[in-house]
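Novice: When you get a sec, could you give me coordinates for this:
(chains A, B and C)
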Amino acid sequence: MSPSSRRELPALVDYALIPLLNLAVAFLIAGLVVLAIGENPLEAVAIMMRGALGYPEGIGFTLYYATDFVFTGLAVAVAFHAGLFNIGAEGQATLGGLGVALVCLTFDGAPWWLVFPFALAASMLFAAGWAFVPAWTQARRGSHIVITTIMFNYLAATLMVWLLVEVMGKPGAMSPETRTFAEATRLPFLRDTLAPFGIDLGQSPLNPMVIVAGLAAVFVWILIWRTRLGFEIRTVGKNPTAAVYAGIDPGQVVIVAMLISGALAGLLAVNEVMGTQHRLLLEFVAGAGFVGIAVALMGRSHPFGVVLAAVLFGILYQGGAELAFDKPKISRDMIVVIQALVILFAGALEHMFRPALIALFDRRRALAGGAA
Amino acid sequence: MTGTSPPPAIQFVGIDKRFGAVHANRDVDLAIEAGTIHGLVGENGAGKSTLMSILYGFYAADRGEILIHGRRADIRSPADAIHAGIGMVHQQFMLVETMSVLENVLLGAEDAFRLAPSETRARAVLERLAADYELAVDPDAIVADLSVGEQQRVEILKTLYRGAEILILDEPTAVLTPAEATHLFRILDRLANEGKTVLLITHKLKEIMAITDRVAVMRAGEIVADFATRETTIERLAEAMVGRRVLLEVDKGPSVPGAVELAVEDLVVTDRRGVRVVDGVGFEVRAGEIVGIAGVAGNGQSELIEAIAGIRAPTRGRIVLHGIDVTGLDPAEIREAGLAHIPEDRHRMGLVLDFTAEENMLLGHQDDPAWARGLLLDGAAIHTAAATAFSDFDIRPNDPGLRAALFSGGNQQKIVVAREVARSPRVLLVGQPTRGVDIGAIEAIHERLIALRDRGHALLLVSAELDEIRSLSDRILAMCQGRITGECRPDASEAEIGLMMAGAAGREVRS
Amino acid sequence: MTDDAGFLVLAAPVLGSGLRLAVPLLFACLAGLWSERSGVVDIGLEGKMLAAAFAAGAAAATWHSPWAGLMAGMAASVALALVHGFASISQRGNQIVSGTAINFLAAGLTVLLGQVWYGQGGRTPQLEAGERFLGLDLDLGIARLLGETSGLGQIWSEAIAGHNILVYGALAAVPITWWILWRTRFGLRLRAVGDNPQAVDTAGVSVAGLRYRAVIVCGVLCGCAGTYLSVAQSAGFVRDMTAGKGFIALAALVFAKWKPFNALAACLLFGLLDAVAIRLQGTPIPGVGTVPVQVFQALPYLLTVVLLAGFIGRSIPPKASGIPYTKDR
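Specialist: Sure, this is the predicted structure:
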């Protein structure tokens, strides 16, 4: 066991301080970038917070973005628990969209609450199916799931282009997309539901999927920590040898975990296709699969952390839109930079501050011991 | 002119090394003459590997010095050791398997930026070495395709290519067939005749008697004996190795063996390289008895236990658990059939260190309906069971919600024992139950195992600590090189058991 | 004979196009080869290429020279490579996560800086002819020898001669890579460290030193790849212009089983598939009808998955790939 980096720090430091520290550094560097392009970082933060949380419509948008990120974040988190890096959430969510579109187009005109369960099921089924091949090749053939899921992301994109251009597309459309669903078959906007109560969510596409997202987080928490399957997943992720000793088949667990992961990613499609766009179009996932990676890392793969991190990125997205409007120099690509820095510091460099903190705590302990 | 004899090739003077609480080398003094083959024997944990690691520059000694050919050597890294003319053949080969023999020999010892001139020189040198020392290997062969014996020859060639005058070989025959071992000894003989010094670390006493000029015995970090080989016998070596230690007094009544609970018939297990690590083992364990398998680690005991537990698939043979053939079943099914397993390596296999102690109590038993409440795990039941186990076994600190990694070795082991014993298994496999465990916990664990026996369960015990085997077992089987080499009662003399463990008794028990 | 010649005349431009499309893949693939052979997994090839493309486009426009672009491209790529190296080697972090971060960092920073500096929606200014790497006049009179309109003559002028210097640079990089990795001391040690770093450590050679050097070479080659995109193939940087080529290069690397000459073949194959897809767009094939262009686009990815699953022989990466090295005794 390698010495210094594994020495114990108080739990609070390990699970709260270090992640916050990593986050702080990420934002610090982002602030430097903002400074470098000639803007005031503090002012930028103020604009972002106002745009994201300052008024109900902003909050509506923030939560709508967060919904997407909760699904992909949970997907990546579940895979992490099994020791797998699922970079394929983007492609899995895309296939989920196909499932949703097929259901909605087939039952076009039916009331949304009848179609809803089928749409949920279809999105999860199609997305899980897309996750199955990479899962199987990892479990039974040893192929690295990172590469296969990246390949499947591209295959999903290619497939979608072909389907929308050649098969399912609306004839005469300017861009590849299906026809728009009938009004009855769309998810209701919460802005319409809440307007009678005086809450004005403006133009935000917030819809009931935000509740499903919350439920999904609870479901994942119960699954991972309160069920037998969750126990098996965590054992395989932490110690495959002990898993074999315990009579668990690591290959089978890997496949099941990936199927669940894919299904969670697929739920994003219901939010986007049935809830916001009301049709199937290219690139509707818009990078949310990759944000899910940042969210899962930041949230340390715990559903509670994932929800918080997803809301944070929701704030970044909505605030970023507002910021790009106010300060055109800080375009929405700044969010991608922040995302990258979070992944870097919360992921690859997560232990960077440990030696310094251990030294600090050792000195404090020595002083305390010496005084006694 | 006074005839002074040349200084020893290696001289350890007062080498002392601690790892935390473990005193690995205690003030070691040892002289090794040039041109001899000097053996170093001792049980696992005696300190031989540490001493050699210090010589080769992996560690620095806390105190003491090393003299090479009479001159003080400052060895702080393998590069320094190589520079001082020391070469080491490790137990686990340091070879790049996808590369050729030539490339492996050259690695780190190339002369120039371009490989071609180095290769030409190396080929010439290898040819010469092959002729001089019977070290013929095809320079262009890929290492992965070579037999283990040939791979070892590559390791030796590497050291000679770098001009080593002193060769350290760490358990070299552990992975060799008898024929390859004989070949190795011829090579070592020729090296010694050429004036090179060979340091042979092994626990195989027969080999010591066959090949070495002198032999030193280490025990508990000290050199306890240093003989000229022809002036000693295997019996004296065995006694020095095993020594006299304070036996833990275990209150043990006589055993009343009942029906056969575990029967192993002609079991063969082969490893990845095709070596038969368990070579036709057969025995029985009855209810109400503890059968102990004595033997130096690495002779197939681990693989035997893993095969019985279902973790490793046997190549041939049968395993029968109270009448049910469980050969080839997976660990979960074998557990269900009434077998429990305390693994040898609790960190690697017995525990998930990142889980809490409570969660570790589930490991292997997560399918048990007692823990389920509908689709969910019954947190309350698990918590109660854990609390009971903690108080029962006096596990400290008394907090099942603590991460397993934070418990001491002894308490970690108690958690594993508590878990495996909780379901009253009819057969219990126990591997190295007190490795890395403090005295207090050792006592508690031993008592538990005896209590199980008295209640009519069958136990199979594997331990590298002969004392433990002798104090716990009702019957002792000795295992060497994958075979049962003898059976005796626990009150047999240490020498007798030591001989059987070293495979020198000549009485093989097969079935 | 006319049929053959006709086919060659048709095929020549496609071959030439295929070669040109293969170049960025080849540079990136070799870059990945250097890194992974030393044991550092790099899925950040895409990000480094993108950053290099941006830096090259910006520098070429600013200093009016494609060579300035090349220098800047390599510098940007090496900078990101060192970040990845630091995270993977010194900090022993998760190499996949680090590579992912690099990709996003490049994606965001390039457009952000592009917008701030040039205000054209993230692109760099259109490059003039003199600021780019254009096709070289390497005819050497061979075209006339072979007959300008003949099949072979067309092959010569369209597919072999007249490419820009980076194309020939990429082709040269293959034997050079092979020679350094298999015929020199540095290469021997580098390959060893990717397979059994402990063996290298016990031989007294620095594992980290070798890996850092490998990662820097990777950066340099990705720099060439990115520069090619914005300064040779196109006339400036456009957002997301790498369009996944970094991942196709990874696929090609697996396909090539981490060997340089195989990498050349794999990248040429993928480039050719791309060129054929463009050529065949909308054109019906007798007996099959119009093949959707997506089939060709999907082929590299499908082939990689099939290969990884072990259905076309086994593709085994360097043994220590992706595992941070700790001196564990």
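Novice: For B:Leu321, name its beta-bridge partners.
Specialist: Beta-bridge partners for B:Leu321, by DSSP bridges, are B:Leu262, B:Ile324.
Novice: For B:Ala418, see how far away it is.
Specialist: Distance of B:Leu321 to B:Ala418, given as C-beta to C-beta, to the nearest Å: 22 Å. From N, CA and C alone the C-beta is placed, and that goes for glycine too.
Novice: low-confidence ranges in the chain?
Specialist: In the absence of a named chain, chain A is used. Applying pLDDT under 70 to chain A flags the ranges A:1-9, A:11, A:369-372.
Novice: Sorry, I should have been clearer: chain B.
Specialist: Ranges of chain B meeting pLDDT under 70: B:1-4, B:44-45, B:174-175, B:177-178, B:242-251, B:297, B:438-440, B:494, B:502-511.
Novice: Show me which residues of it sit near chain C.
Specialist: Residues of chain B lying close to chain C (C-beta under 8 Å from any C-beta of the partner chain) are B:53, B:58-59, B:77-79, B:82, B:90, B:94-99, B:103-104, B:106-110, B:112-116, B:118.
Novice: Mind giving me the ChimeraX select for those residues, buried ones only?
Specialist: Selection of buried members from the residues of chain B next to chain C for ChimeraX, criterion 16 or more other C-beta atoms under 10 Å in any protein chain shown:
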select /B:53,58,59,78,82,90,94,95,96,97,98,99,103,104,106,107,108,109,110,115,118
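Novice: when you check the residues of chain B next to chain C against the helices, which ones overlap?
Specialist: B:53, B:78-79, B:82, B:103-104, B:106, B:115-116, B:118 (DSSP state H).
Novice: If we only consider those, which is nearest to chain C?
Specialist: Taking C-beta to the nearest C-beta as the measure, chain C lies nearest B:Ala79 of those, at 3.4 Å.
Novice: Get me the contact residues on the stretch 151-300 of chain C for chain B.
Specialist: Residues of the stretch 151-300 of chain C lying near chain B (C-beta under 8 Å from any C-beta): C:182-189, C:191-192, C:195-196, C:198-205.
Novice: Correction: the previous question concerned chain A.
Specialist: Going by C-beta under 8 Å from any C-beta, the residues of chain A near chain B are A:8, A:222, A:226-228, A:231-232, A:234-235, A:238-239, A:241-242, A:244-249.
Novice: Go again with 7 Å.
Specialist: By the rule C-beta under 7 Å from any C-beta of the partner chain, the part of chain A lying against chain B is A:8, A:226-228, A:231-232, A:235, A:238-239, A:241-242, A:244-247.
Novice: Among these, which pair sits farthest apart?
Specialist: Farthest pair in the residues of chain A next to chain B (C-beta to C-beta) is A:Glu8 and A:Gly247. Separation: 30.9 Å.
Novice: Of the two, which one has the most company?
Specialist: A:Gly247 (23 against 12; other C-beta atoms under 10 Å in any protein chain shown).
Novice: From what I see, the more buried one and B:Gly364 are in contact.
Specialist: Yes. Here A:Gly247 reaches B:Gly364: they are 6.2 Å apart, a contact under C-beta atoms under 7 Å.
Novice: Can you show me the helices along chain C?
Specialist: Under DSSP H, chain C gives helices at C:2-37, C:45-63, C:66-85, C:95-118, C:142-146, C:151-154, C:165-183, C:185-195, C:197-202, C:207-227, C:245-255, C:260-280, C:293-308.
Novice: Quickly find the element holding B:Gly486.
Specialist: strand B:483-488 (DSSP states H and E).
Novice: And the residue of the stretch 1-150 of chain A found nearest chain C, how far from C:Phe255?
Specialist: The nearest approach of the stretch 1-150 of chain A to chain C comes at A:Ser143, 3.8 Å away (C-beta to the nearest C-beta). Separation of A:Ser143 from C:Phe255 (C-beta to C-beta): 13 Å.
Novice: Which positions in stretch C:279-295 come out as buried?
Specialist: C:279-280, C:292-294.
Novice: where are the low-confidence patches of the stretch 201-329 of chain C?
Specialist: In the stretch 201-329 of chain C (pLDDT under 70), the answer is C:282, C:287-288, C:312-315, C:327-329.
Novice: Enumerate the residues of it near chain A.
Specialist: C:244, C:247, C:250-251, C:254, C:292, C:294, C:297-298, C:301-302, C:304-305, C:308-310, C:326, C:328.
Novice: how is chain B carved up into domains?
Specialist: Annotated domains of chain B cover B:10-242, B:260-501 [automatic domain parsing].
Novice: and of those domains, who's closest to C:Val231?
Specialist: When those are compared (using C-beta to C-beta), the closest one is domain B:10-242, at 32.7 Å.
Novice: and that closest one, anywhere near chain A?
Specialist: No. Applying C-beta under 7 Å from any C-beta, one finds domain B:10-242 separated from chain A by no less than 10.9 Å.
Novice: Would you mind saying which of the domains of chain B lies nearest A:Pro111?
Specialist: Nearest of the domains of chain B (C-beta to C-beta): domain B:260-501, 31.7 Å.
Novice: how about the longest helix along chain A: buried residues?
Specialist: In chain A, assigned by DSSP H, the helix with the most residues is helix A:112-141. Within helix A:112-141, the residues that count as buried by 16+ other C-beta under 10 Å are A:112, A:115-116, A:118-120, A:122-139.
Novice: ok, A:Val220 - contacts?
Specialist: Going by C-beta atoms under 7 Å, 6 or more residues apart in numbering or on different chains, A:Val220 touches A:74, A:78, A:303.
Novice: Go through those and flag which are in strands.
Specialist: In strands, judged by DSSP state E, none of the contacts of A:Val220 are found.
Novice: between the residues you listed, which is nearest C:Gly169?
Specialist: A:Val78 (45.4 Å).
Novice: Tell me the spatial nearest neighbour of residue 256, not counting adjacent residues.
Specialist: As the question left the chain open, I've gone with chain A. Counting by C-beta to C-beta, 6 or more residues apart in numbering or on different chains, A:Leu229 is the residue found nearest to A:Val256 once chain neighbours are left out, at 6.9 Å.
Novice: try again with chain C
Specialist: For C:Ala256, the spatially nearest residue (C-beta to C-beta, 6+ apart) is C:Asn262, at 3.6 Å.
Novice: repeat for A:His302
Specialist: What sits nearest to A:His302 in space, not counting adjacent residues and going by C-beta to C-beta, 6+ apart, is A:Ala77, at 7.3 Å.
Novice: now do C:Ala68
Specialist: Nearest one to C:Ala68, counting by C-beta to C-beta, 6+ apart, is C:Ala59 at 4.6 Å.
Novice: Could you count how many residues lie near that neighbour?
Specialist: When neighbours are defined as other C-beta under 10 Å, C:Ala59 has 26 of them.
Novice: Show me which residues of the stretch 151-300 of chain A sit near chain C.
Specialist: Counting by C-beta under 7 Å from any C-beta, the stretch 151-300 of chain A sits next to chain C at A:151, A:154-155, A:158, A:161-162, A:166, A:290, A:293, A:297.
Novice: which of those residues are buried?
Specialist: Here, 16+ other C-beta under 10 Å leaves A:151, A:154-155, A:158, A:161-162, A:290, A:293, A:297 buried among these.
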